[in-house]
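*Asks:* Predicted coordinates and the sequence they were generated for:
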There are 2 protein chains.
Amino acid sequence: MATKYTIPHEVTYYECDVNRTMKLSTMIAIVIKVSEEQSDALNRGNDYIQQLGVTWIITHYEIFVSRLPEANEKVQVTTQAMEYNKYFCYRNFWITTEDGEELVRIESIFSLMNYNTRKISSVSEKIIAPFESEKITKIKRPPKIESLEAPDSVPYRVRFYDIDGNHHVNNAVYLNWFIDGLGYDFLTTYEPEYMNIRFDKEVEYGNQIESLFEVVDQQEDKKKTRHAIQIAGETYCEAQILWRKR
Amino acid sequence: MATKYTIPHEVTYYECDVNRTMKLSTMIAIVIKVSEEQSDALNRGNDYIQQLGVTWIITHYEIFVSRLPEANEKVQVTTQAMEYNKYFCYRNFWITTEDGEELVRIESIFSLMNYNTRKISSVSEKIIAPFESEKITKIKRPPKIESLEAPDSVPYRVRFYDIDGNHHVNNAVYLNWFIDGLGYDFLTTYEPEYMNIRFDKEVEYGNQIESLFEVVDQQEDKKKTRHAIQIAGETYCEAQILWRKR
């Protein structure tokens, strides 16, 4: 059974939006911190990985929200490397109450990318062994993301504070671009219950991106939104979100 | 002597920019959290204040940076209500190392605003007494902020995640707008050593703002930048920043 790694976290007011529930971008930033801490604890941190000429990239998130963490709430953030095959590592995250009730579950797919060629590198035993995850041969495919039909679009420019210590646009920033265009009324009426996000290409500092989105009505009190981040018509990231009334 | 209030804080990677030092906006968000916690501890929190029909507004920051906090660094964040007069409260913040070495000092001016009239309200003993700050008659005026001469300008739109639980654009967001336009090369070459920021009017959700700025050369390895946040030519916030080579 793979090793679990948990840290406690107290949700601050500035990690929350106007609903006083945690910003999606902050949620992603925190879970990534936990996986970095686990890697460090197992001596498989950034320094070790980079010395092998590779870096982790995240290609996919599925996010299941039972309830968003609230301002001042004390939560536990847990991660576990579940399974891996030749090219993909499947890692789960959980945000739970102090009593262990699941608030959010995130299923993610990580790959290793060669620093120089920018191509996917196979997962080496040396890197993965300490996480004690299960080796599988199957390639698990997350649900398909629906194409946009008649989207609206809002432009965003990658800002200095959007890039992190690795000179990448932090994954979390895409979540801001996705939801911002939905606007105040939508975002104070509905909350996400499921997100399916696929990262295709890296956006870089200074890029001007278009955030495309459309709202699809579901049964009463439910909405579905479809999203894409594009540069010059080319898709860099796609998502589909299911929403329920707050 | 006024009561000091301190919390420990460990700087995370996602609170830092590409330089692996703390984002200015995060720094402001954290110090404000500390003053809110002190107010809560003294039973003068938001609920108490609002029930009197007023709310705190911040009209001024002077920020003195000896060294910016770094990723993974453990710091102490302290606040103290120093002095007050009829309309203004003078509150200091310090970010220090665990050994007490000062990294950042912030001198701020707070006022109380009437919720309905949106006008400045005089500081009542009921609100201020528990902080044990000194009553003064003098009105302390921070250094003047120089006017812009031939500024560049970058537009920003207030985003959903820029507004906080009080439906205000969080003070910290202005710092992002100020510095972002200076660009990657400037912001990885220089770090702020002094900031003088005055808040004149409230920016609101959905507003399209212009961030005006200009860089003034000082002696070698030093720069001065002047800033203004404007809407339709009207100034909402002004600042002046001194920078030293990293």
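*Replies:* Structure received. Numbering: from 1, shown residues only, chains lettered A, B, ... in the order given.

*Asks:* what about residue A:243, distance to residue A:223?
*Replies:* Here residue A:243 is placed at a distance of 4 Å from residue A:223 (CB to CB, to the nearest Å). In this view, the C-beta of every residue, glycine as well, is placed from N, C-alpha and C.

*Asks:* so what sits against both of the two?
*Replies:* residue A:190 (CB atoms under 8 Å, 6 or more residues apart in numbering or on different chains).

*Asks:* Pick out whichever of these two has more residues nearby.
*Replies:* The neighbour comparison of residue A:243 against residue A:223 (other CB atoms under 10 Å in any protein chain shown) goes to residue A:243, with 24 against 19.

*Asks:* Where does the more buried one fall, secondary structure wise?
*Replies:* strand A:234-245 (DSSP states H and E).

*Asks:* what's the distance between that strand and the middle of its chain?
*Replies:* Centroid displacement of strand A:234-245 relative to its chain, using CA atoms, centre = their mean, to the nearest Å, is 12 Å.

*Asks:* Now do the same for the closest residue to residue A:123 other than its chain neighbours: its pLDDT.
*Replies:* What sits nearest to residue A:123 in space, not counting adjacent residues and going by CB to CB, 6 or more residues apart in numbering or on different chains, is residue A:84, at 5.3 Å. The confidence metric pLDDT takes the value 96 at residue A:84.

*Asks:* the domain parsing of chain A - what is it?
*Replies:* Here the domain assignment for chain A is A:4-135, A:152-245, based on automatic domain parsing.

*Asks:* Quick one: closest of those to residue B:126.
*Replies:* Among those, the nearest to residue B:126 by CB to CB is domain A:4-135 (24.0 Å).

*Asks:* re the thing from before, how far away is the residue nearest to residue A:123 from residue B:211?
*Replies:* Residue A:84 is 45 Å from residue B:211, by CB to CB.

*Asks:* Okay, strands next: where are they in chain A?
*Replies:* A:4-10, A:54-65, A:74-84, A:89-97, A:102-114, A:120-121, A:134-135, A:152-157, A:190-199, A:208-217, A:222-231, A:234-245 (DSSP state E).

*Asks:* Show me what the fourth one is packed against.
*Replies:* Here strand A:89-97 is seen to pack against helix A:24-41, strand A:74-84, strand A:102-114 when contacts are counted using 3 or more CB pairs under 8 Å, 6 or more residues apart in numbering or on different chains; DSSP states H and E.

*Asks:* Kindly reformat those as a markdown table containing distance to residue B:219 and mean neighbour count.
*Replies:* What follows is the helices and strands packed on strand A:89-97, written out as a markdown table (distance: least, CB to CB, whole Å; neighbours: other CB atoms under 10 Å in any protein chain shown):
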| stretch | distance to residue B:219 | mean neighbour count |
| --- | --- | --- |
| helix A:24-41 | 39 | 21 |
| strand A:74-84 | 47 | 20 |
| strand A:102-114 | 44 | 19 |
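
*Asks:* Residue B:63 is nearest to which of the ones you listed?
*Replies:* Of all those, it is helix A:24-41 that lies closest to residue B:63, at 23.7 Å by CB to CB.

*Asks:* Chain B contacts on chain A?
*Replies:* Neighbours of chain B within chain A, by CB under 8 Å from any CB of the partner chain: A:12-14, A:16-18, A:20, A:23, A:25-26, A:29-30, A:32-33, A:36, A:71, A:159-161, A:163-165, A:167, A:170, A:172, A:176, A:179-180, A:182-184, A:187, A:205-206.

*Asks:* pLDDT wise, what is the residue sitting furthest away from the middle of chain A at?
*Replies:* Distance from the C-alpha centroid of chain A, by CA atoms, centre = their mean, peaks at residue A:220 (27.9 Å). For residue A:220, the model assigns a pLDDT of 76.
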